[in-house]
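A.B. asks: Turn this into a model:
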Amino acid sequence: MTRLYALVESQTEAEFMKQVLASHLQSLDVWLYPIIVETSHEASGRKRRGGGHWKHWKRDLMRLRAQQAGSDVRITTMFDLYGLPADFPCLAQHSTNADTTARANALEIALAEAVNDPRFIPYIQRHEFETLVLAALNELRKLLDARDDLAGLDQLMALIQGTAPEDVNDGAQTAPSKRLEALIAGYRKTVHGPPAVASAGLTALRTSCPRFGAWVTRLEALGDSQP
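C.D. replies: A predicted model of the protein is given here:
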């Protein structure tokens, strides 16, 4: 059995892991535990989670590394390439690279060096969680009711036709989330994203998003069973 702890940016990614990845990996004897990064404490003692600076992410990764010391433990991430915090390792060095695959690869290397643990499997989503939603637009349609939203979905599908979801660019107005928000006014990330992606299924997501699929393959390989 392998215990896999995944640090993520928000509740959306955590729900995606619970709804899509966890049961699949469990069948391979990999037990997945998503953890949302902790960003601050209120005076009442309540913890705030999600977003934040790299220093928060690093603190949680270091805490995981120290607390989960077993050889049966692995740690991974699901961070968005789009909108990484300014203090992320080597971001200034690589942020101008227009090849977002190369940029994500280089930043994963920097992330691995910062964590410095052989059990760590860095993953940066190209470009963000909504990339997976673009791979599940037919399923998203089933969750929308408003005529304007459905018309916006049709417009979005026409705009990205022939472009792989991971190749949709990461501009401030054209990143996957920005396209969804601009064209589908009723779209809500936490409400529509995870169920649409879950309904599409892991096989379809891996086919449409091969870089994401390669990460899943690495996670599968942690198990004692064959995928």
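
A.B. asks: contacts, neighbours, all on C-alpha from now
C.D. replies: Will do.

A.B. asks: residues in contact with the helix or strand hosting A182?
C.D. replies: Element membership for A182, per DSSP states H and E: helix 176-183. By CA atoms under 8 Å, 6 or more residues apart in numbering, the residues outside helix 176-183 that reach it are 127-128, 130-131, 134, 149, 152-153, 155-156, 168-170, 172-173, 187.

A.B. asks: Pull the number of nearby residues for L222.
C.D. replies: Look at L222: counted by other CA atoms under 10 Å, it has 21 neighbours.

A.B. asks: and the gap between it and Q67?
C.D. replies: Per CA to CA, to the nearest Å, L222 is found 20 Å from Q67.

A.B. asks: what's the closest non-adjacent residue to L134?
C.D. replies: Excluding the flanking residues, the one nearest L134 by CA to CA, 6 or more residues apart in numbering is P165, at 5.8 Å.

A.B. asks: One more: L202?
C.D. replies: Leaving out its chain neighbours, the residue that sits closest to L202 by CA to CA, 6+ apart is V20, at 6.7 Å.

A.B. asks: Can you give me the buried ones in the top helix by length along the chain?
C.D. replies: In the chain, assigned by DSSP state H, the helix with the most residues is helix 100-115. Within helix 100-115, the residues scored as buried using 16 or more other CA atoms under 10 Å are 100-101, 103-104, 106-108, 110-112, 115.

A.B. asks: List of residues touching the helix or strand containing Y5?
C.D. replies: Here Y5 sits within strand 2-8, counting by DSSP H and E. Outside strand 2-8, the residues that touch it by CA under 8 Å, 6+ apart are 14, 29-37, 50, 57, 60-61, 64, 72-79, 222-223.

A.B. asks: Tell me which helix or strand in this protein has the weakest average pLDDT.
C.D. replies: Scoring the helices and strands of the chain by mean pLDDT, DSSP states H and E places strand 47-49 at the bottom, with a mean of 44.

A.B. asks: Following element in sequence after that one, please.
C.D. replies: Taking DSSP H and E, what comes next after strand 47-49 is helix 54-67.

A.B. asks: Now that following helix: buried residues?
C.D. replies: Neighbour counts over helix 54-67 (16+ other CA under 10 Å) mark 54, 56-58, 60-62, 64-65 as buried.

A.B. asks: which one of the residues you listed is nearest L143?
C.D. replies: W57 (32.6 Å; CA to CA).

A.B. asks: Quick check: closest non-adjacent residue to that closest one.
C.D. replies: Per CA to CA, 6+ apart, closest to W57 is V37, 6.0 Å.

A.B. asks: what number of residues lie near the one you found?
C.D. replies: 25.

A.B. asks: confidence score at it?
C.D. replies: Per-residue pLDDT puts V37 at 93.

A.B. asks: Noted, bye for now.
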